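Trainee: fold the following and give me the result.
(6 chains)
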Protein chains: 4
Amino acid sequence: MLSARQQQILEASIELIDKHGIQGFTIKNLSKKIQISEPGIYRHFESKFDILDTIMDIFKQRIQDYHKFLNDPNNKPEVRIRNFFDTVLKAFCKNPAFASVIFSEEIFQNEEKIIQKIREIQEMNAGIMRELILEIQAGNGQHNNIDPDLINSVLFGSVRFLVRQWKANKYDFDLRAKGNELIGVITNTMIIRPANQ
Amino acid sequence: MLSARQQQILEASIELIDKHGIQGFTIKNLSKKIQISEPGIYRHFESKFDILDTIMDIFKQRIQDYHKFLNDPNNKPEVRIRNFFDTVLKAFCKNPAFASVIFSEEIFQNEEKIIQKIREIQEMNAGIMRELILEIQAGNGQHNNIDPDLINSVLFGSVRFLVRQWKANKYDFDLRAKGNELIGVITNTMIIRPANQ
Amino acid sequence: MLSARQQQILEASIELIDKHGIQGFTIKNLSKKIQISEPGIYRHFESKFDILDTIMDIFKQRIQDYHKFLNDPNNKPEVRIRNFFDTVLKAFCKNPAFASVIFSEEIFQNEEKIIQKIREIQEMNAGIMRELILEIQAGNGQHNNIDPDLINSVLFGSVRFLVRQWKANKYDFDLRAKGNELIGVITNTMIIRPANQ
Amino acid sequence: MLSARQQQILEASIELIDKHGIQGFTIKNLSKKIQISEPGIYRHFESKFDILDTIMDIFKQRIQDYHKFLNDPNNKPEVRIRNFFDTVLKAFCKNPAFASVIFSEEIFQNEEKIIQKIREIQEMNAGIMRELILEIQAGNGQHNNIDPDLINSVLFGSVRFLVRQWKANKYDFDLRAKGNELIGVITNTMIIRPANQ
DNA sequence: AATGAATGAGACTTCATTCAT
DNA sequence: TATGAATGAAGTCTCATTCAT
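Mentor: Prediction:
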């Protein structure tokens, strides 16, 4: 569906955003990076916006695939939560630029349609997590359960924070290990065995 | 130290970044907002970068003041943690634009010096929190204490996440209340009474 | 002489100019309209200019044909004038895009060769009209005859004006009827029975 | 109201359109013509469209002034008609570029707002002429009066045609003399003493 | 006969900044 | 303290056309 050139353009765009922010993502920089003239880009994408839009579509699709793939009813919900985050962390380790783009709605000011797509991804994630959290809470019969939305803020907020640190520190620690530890602690303390509030 | 005009320029800059992102922070927009000519700006700041730089200095100073002010040895460490976050949340509620700027290092790609300042603020915060966490952990004599850095990621990451949600939802919930609840839950479950890992 | 594709290209070009002006007549628009690739156009015409040039040739030929066909010596000159304009008006009604292109030398600035062809058409028309006018004037023996060139300006200028109005008003009146009335009035008042000047 | 620079830009724009058509009216050409950088233009006009728009406003104002000035009730309507056209023809002779721009709605395809303004000017002209024609027709008590709209088409259409010829022939005849003759003939034959139809 | 890929030239416009006043 | 005028660099994008296939 996407030509080799189109994929190359998308990859180069992601890298550009990763390394130099949205302000570094210019048609000029992009064309230089893939050794093509500026108008050449427009043979493959209608506009700069179209490139961004396609990137977001791909991300959304990929994360949907993760959910589908990991949604094995034979697994306990806490395992599913861990698997999801592990998969995502693995993906970030493999291609750190993804993280920069997907966690960067601040970057896409003025691009309402792009922000919308990022929001959709987040809501999809949050919705699935909420189900799993409720399932665990229903199962463990405790009376001091914590609001799943609050837990969601903690889960996604702290992973995000960790990834940002990872990038700021030039990837000098093992994101996957630290991330999984983080998720494990949160799951244990806030979902499975929450302290009395 | 700062003239009235300078303060006006800084405020207008923060609002501009808040509302339209770094891309909306242009000398033209700024001069329009404060009803001055474009060259007029340069009477008060050497460059656009200088404005950003000064903003960061002010933020850093303000947060240092918070810490100094709240660091009352008569208060228990958990109270001090709560007080700090409550103060910050209160400040955000009073002036939501602050939040947009201080949580936006993604925005300042290419501006190494600005990023450096943001990092200093974060490290100051993290350092003080670490002390307080260790103090609590030392006091409650448990053996299953959680790494203070991990807790820091959770504290700052989730507050940040909440603030972002608050802004995305057009400030339609009580940030201070939800934020304090969040900090309370994290403090309880992860610092004071951590579950067995 | 012209292949089917060539004719298709010419028609599409005329329509494009009619609807969107010379600025809308681009190879991209043209290729989109006839469902062919952009380079595909160049299989059939050497250049964009060549397309325009061919259009003008066709127009010139067609009008020459009209004159030849209508130049029946059995008809009185005033009838021949009326027949010519009626034929032209009929052609415009059948294909309004013709009018846009043939009356648009303003559009072809910089294209000296094209302008030249339009001028040739006009001179041919004017020359034939002049003959017919002189014939009438010679026949009616009046002493207050009007300069045939002036009459030509009136004939062609007002028809042109009417066609422009017709287009501006989205073809909402009967061009042929109004045009014939116009020509009738002009012929009557200025050629056949001119008032004393 | 308009600065010297703005007037210079407007004049240069009109000349550019006159000599090279709308396609020659580019910011680059304009800036070259008045010896300024391209961005320099934008200190004086918001956009290219804004320049065109201002030109049309000026034209409209000027023609309104003509009408006001010439509308002397002491003059007979046929004199007023002649005066109006004489004034316009004089203006064209003084600044031939005006004519190119004002008679060029074909040129402004896609610029709906500009076309609208040209149309307003034309309607204003037509409306005033219609009144004067009716006044004459009412006065001369004839029964074979010609539709004033038809006469309008003849008046404006033939003047326009004459001006176009004048330009095509590089201003090699006396437009004012020929134009006044034309108007005189039309007024005589079609308004004052129309032949029986 | 047709096309996918490419491009140099150039379109309009915005940017941060400077200079003379 | 302020500004009107200016600009080089860069932004996104369109143009007619060419070339290899």
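
Trainee: would you map out the domains in chain A?
Mentor: Using automatic domain parsing, the domain parsing of chain A gives A:1-45, A:55-192.

Trainee: would you single out the least confident of those domains?
Mentor: When the domains of chain A are compared on mean pLDDT, domain A:55-192 scores lowest, with a mean of 91.

Trainee: I'd assumed A:Asn144 was in contact with A:Gln137.
Mentor: No - using CB atoms under 8 Å, A:Gln137 is not in contact with A:Asn144; the gap is 10.0 Å. For every residue, glycine as well, the C-beta is placed using N, CA and C.

Trainee: who has more neighbours, those two?
Mentor: A:Gln137 (19 against 12; other CB atoms under 10 Å in any protein chain shown).

Trainee: so the closest residue to the more buried one other than its chain neighbours versus A:Leu134, what's the distance?
Mentor: Of all residues beyond its chain neighbours, the one nearest A:Gln137 is A:Asn145 (4.5 Å), with distances taken as CB to CB, 6 or more residues apart in numbering or on different chains. Taking CB to CB, to the nearest Å as the measure, A:Asn145 falls 9 Å from A:Leu134.

Trainee: looking at these two, which has the bigger crowd around it?
Mentor: Neighbour totals were compared for A:Asn145 and A:Leu134, and A:Asn145 leads with 18 against 14 (other CB under 10 Å).

Trainee: ramachandran angles for that one?
Mentor: phi -70, psi 150 (degrees, to the nearest 10).

Trainee: please tell me how far it sits from A:Ile114.
Mentor: From A:Asn145 over to A:Ile114 (counting by CB to CB), the distance is 36 Å.

Trainee: can you check A:Leu162 too?
Mentor: 24 Å.

Trainee: neighbour count: the two, which is higher?
Mentor: Taking neighbours as other CB under 10 Å, A:Leu162 and A:Ile114 compare with A:Leu162 leading, 24 against 19.

Trainee: ok, that one - contacts?
Mentor: Contact partners of A:Leu162, counting by CB atoms under 8 Å, 6 or more residues apart in numbering or on different chains, are A:Leu175, A:Lys178, A:Gly179, A:Leu182, B:Ser153, B:Gly157.

Trainee: could these go into CSV alongside neighbour count, secondary structure and distance to chain D?
Mentor: CSV is the format used below for those (neighbours: other CB atoms under 10 Å in any protein chain shown; DSSP: H, G, I helix; E, B strand; the rest coil; distance: CB to the nearest CB, whole Å):
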residue, neighbour count, secondary structure, distance to chain D
A:Leu175, 20, helix, 46
A:Lys178, 20, helix, 50
A:Gly179, 23, helix, 49
A:Leu182, 25, helix, 51
B:Ser153, 24, helix, 47
B:Gly157, 24, helix, 44
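
Trainee: distance to C:Asn83 added to those residues, as a markdown table?
Mentor: Output for those, formatted as a markdown table (distance: CB to CB, whole Å):
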| residue | distance to C:Asn83 |
| --- | --- |
| A:Leu175 | 87 |
| A:Lys178 | 92 |
| A:Gly179 | 88 |
| A:Leu182 | 92 |
| B:Ser153 | 91 |
| B:Gly157 | 87 |
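
Trainee: the residues you listed: which two are farthest apart?
Mentor: A:Leu175 and B:Gly157 (13.9 Å; CB to CB).
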